[in-house]
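[1] Give me coordinates for this.
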Amino acid sequence: MLLIMIFNFFVGFADVYVAGFISPEVQAAVGFVSLLYFFVIIIANAISIGTVALVSRAIGGDDFRRALEVARQSLLFGCVVAAVLTLGGLTLYREIVAAAGFPGEIREIAETFLRIFSIALGANYLLIISNALFRASGDVKEPLMTMFFVSAINIIGDFVLVFGCFPFPRLGYPGIAVATAVSVTFGMGINIALFFRSRWRSIYRGSWGVSRETIMQIVHLGWPAAMLQIAWNAGTIVLYNILGRLGEASITAMAAIANGLRIEALIFLPAFALNMSASVLIGQNLGAGNPERAERAGWLIAAAGVITLSALALVVYIRAEDFAALVARDHAVLAETARYLKINMIAQPFIALSLALSGGLQGAGDTRGTMWVIIIAMWVIRLPLVYCLALPLGFGAAGVWSAMVISMVCQGLLMAGRFRAGKWKQLKME
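    Numbers count the residues shown, from 1 in each chain. As a prediction, the model looks like this:
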């Protein structure tokens, strides 16, 4: 799982790195559109969370027939949702970009990205859900191989399509989006083939009729995860809107947060890997009827995350300027990126705590508890602080970065309290 996270990091890093060679406007657009695109694939992530919770319990309880049923329904459900969203993205891309509040300087760039991403939306949905199926059953080598090829194609594509390399044409900034579309389509094809070579080969032989009961169970577990991600991404878009009101400093601040988030993604890699591991391990232990071992696993995973992220954060804090220079070319953007990193490194232990324990809660089926913690941290704590510190109090971008730290400290503590309460041990899936 850690290697998969590393591959994903290098994809995001390459996107921002290549965009930096074009202009600060393209770099800012890449960061903003990445948030918007993640907003579009929220339902795929929610389906995958519900799928992992149901499949991991079925695997833990040695009921593979049930796991196959959930797998088929998840893939069917994902295909239908992706088809609807693709149609919406291709026909309403101008309205979506305008509603998101993109500054005029980067609106046309964002529209181009969104159209290209929409074409590959179905492939991305199937890639996410099929990876979740492998992960829930403990078969992590299959998605590891898939994501290696997805990442390699995406990274190489960024360079050869943006700048041109025979026999590939020079596409300019749209090449960044085309590389992503091609890579996820290729990855989907790999996973479909891998089903034939794994325990999941029986998925093609059973009935693919719609099971309303199973889909409703996936929805029951997945909708809080979807709302969680909607709340988080909508809040981040609002945060970008506030940054867009900083006058002449707005583009610099938006490019800095895009850069900073990409660098932070390197630190988050172990925490996200532990998040996914906690989800599977706790789900399987609960399925095997051992809630106490599930709780011990959750706290051990959280401790590992806190120690690891604290060590990585210290390195980034000390060498913030050097890390910022990896993705920033403009002097003002480089300086603001370094300031973003120094301030946000303070929150890393609490981010690790939140990520690890939220994965455990989701694996146990307590997706509603995780949802409320995230909503409170974002909409009750972060955004009011961001607005007050950045605009009325005049702290600008530094106020935004400080508000982000305060909200993450609160989120980590709230998540720990939810996990410690232990109500997730008694949740029933059926």
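[2] and stretch 207-217, how far out from the chain's middle?
    In terms of Cα atoms, centre = their mean, to the nearest Å, the centre of stretch 207-217 is set 27 Å apart from its chain centre.
[3] just stretch 145-160 next, same as before
    18 Å.
[4] just for the stretch 1-150 of the chain, where's the confidence low?
    Residues of the stretch 1-150 of the chain meeting the criterion pLDDT under 70: 35, 101-102.
[5] show me where it has helices.
    2-22, 24-40, 42-60, 64-91, 93-100, 107-119, 121-136, 141-163 (DSSP state H, counting those that start in this stretch).
[6] Please convert those helices to JSON lines, extending it with distance to residue 274 and mean neighbour count.
    Bear in mind the C-beta positions are built from the backbone N, C-alpha and C, glycine included. Formatted as JSON lines, the helices of the stretch 1-150 of the chain follow (distance: least, Cβ to Cβ, whole Å; neighbours: other Cβ atoms under 10 Å):
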{"stretch": "helix 2-22", "distance to residue 274": "8", "mean neighbour count": "20"}
{"stretch": "helix 24-40", "distance to residue 274": "20", "mean neighbour count": "23"}
{"stretch": "helix 42-60", "distance to residue 274": "14", "mean neighbour count": "26"}
{"stretch": "helix 64-91", "distance to residue 274": "23", "mean neighbour count": "18"}
{"stretch": "helix 93-100", "distance to residue 274": "32", "mean neighbour count": "16"}
{"stretch": "helix 107-119", "distance to residue 274": "29", "mean neighbour count": "20"}
{"stretch": "helix 121-136", "distance to residue 274": "13", "mean neighbour count": "25"}
{"stretch": "helix 141-163", "distance to residue 274": "16", "mean neighbour count": "20"}
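[7] between those helices, which gets nearest to residue 170?
    Closest to residue 170 of those, according to Cβ to Cβ: helix 141-163, at 6.3 Å.
[8] so what does the closest one touch, helix or strand wise?
    For helix 141-163, the elements it packs on are helix 2-22, helix 121-136, helix 174-195, judged by 3 or more Cβ pairs under 8 Å, 6 or more residues apart in numbering; DSSP states H and E.
[9] To residue 258, which of the ones you listed lies closest?
    helix 2-22 (6.1 Å).
[10] re the thing from before, quick one: which of the helices and strands packed on helix 141-163 is nearest residue 206?
    Closest among the helices and strands packed on helix 141-163, once you apply Cβ to Cβ, is helix 174-195, at 12.2 Å.
[11] Now find how far off-centre that closest one is within its chain.
    How far helix 174-195 lies from its chain's middle: 17 Å, per Cα atoms, centre = their mean.
[12] and residue 316, which of the helices and strands packed on helix 141-163 is closest to it?
    Closest of the helices and strands packed on helix 141-163 to residue 316 is helix 2-22, at 13.5 Å (criterion: Cβ to Cβ).
[13] Excluding residues flanking it in the chain, which one is nearest the residue nearest the centre of the chain?
    What sits nearest the mean C-alpha location of the chain, by Cα atoms, centre = their mean, is residue 38, with 6.8 Å. In space, and not counting its chain neighbours, residue 38 is closest to residue 233: 5.9 Å by Cβ to Cβ, 6 or more residues apart in numbering.
[14] quick one: which helix or strand includes that neighbour?
    Residue 233 is part of helix 212-243, with elements assigned from DSSP states H and E.
[15] and what of residue 392?
    Counting by DSSP H and E, residue 392 is part of no helix or strand.
[16] ok, it - how many residues close by?
    Residues lying near residue 392 (other Cβ atoms under 10 Å) number 9.
[17] again with residue 339
    By other Cβ under 10 Å, the residues close to residue 339 number 18.
[18] Distance check, it against residue 333.
    11 Å (Cβ to Cβ, to the nearest Å).
[19] do residue 22 as well
    Taken as Cβ to Cβ, the span from residue 22 to residue 333 is 13 Å.
[20] what do you get for residue 410?
    29 Å.
[21] Mind checking the pLDDT average for the following helix or strand past the helix holding residue 233?
    The helix or strand immediately downstream of helix 212-243 is helix 250-287, counting by DSSP H and E. For helix 250-287, mean pLDDT rounds to 85.
[22] Quick check: next helix or strand after helix 250-287?
    Helix 250-287 is succeeded, C-terminally, by helix 291-318 (DSSP H and E).
[23] which parts of the helix or strand following that next one are buried?
    Next helix or strand after helix 291-318 toward the C-terminus (DSSP H and E): helix 320-325. For helix 320-325, the neighbour count (16 or more other Cβ atoms under 10 Å) marks 320, 323, 324 as buried.
[24] And the residues you listed, which is closest to residue 277?
    residue 323 (26.5 Å).
[25] Let me see the contact set for that closest one.
    The contact partners of residue 323, by Cβ atoms under 8 Å, 6 or more residues apart in numbering, come to 263, 316, 338, 341.
[26] So the last one is in contact with residue 322, correct?
    No: under the criterion of Cβ atoms under 8 Å, residue 341 is not in contact with residue 322, lying 10.1 Å apart.
[27] so what's residue 107 closest to, chain neighbours aside?
    With sequence-adjacent residues excluded and distances taken as Cβ to Cβ, 6+ apart, residue 107 is closest to residue 97, at 5.8 Å.
[28] For the stretch 301-430 of the chain, which segments count as helices?
    So, for the stretch 301-430 of the chain - with DSSP H, counting those that start in this stretch - the helices run 320-325, 331-344, 348-363, 367-375, 383-390, 396-421.
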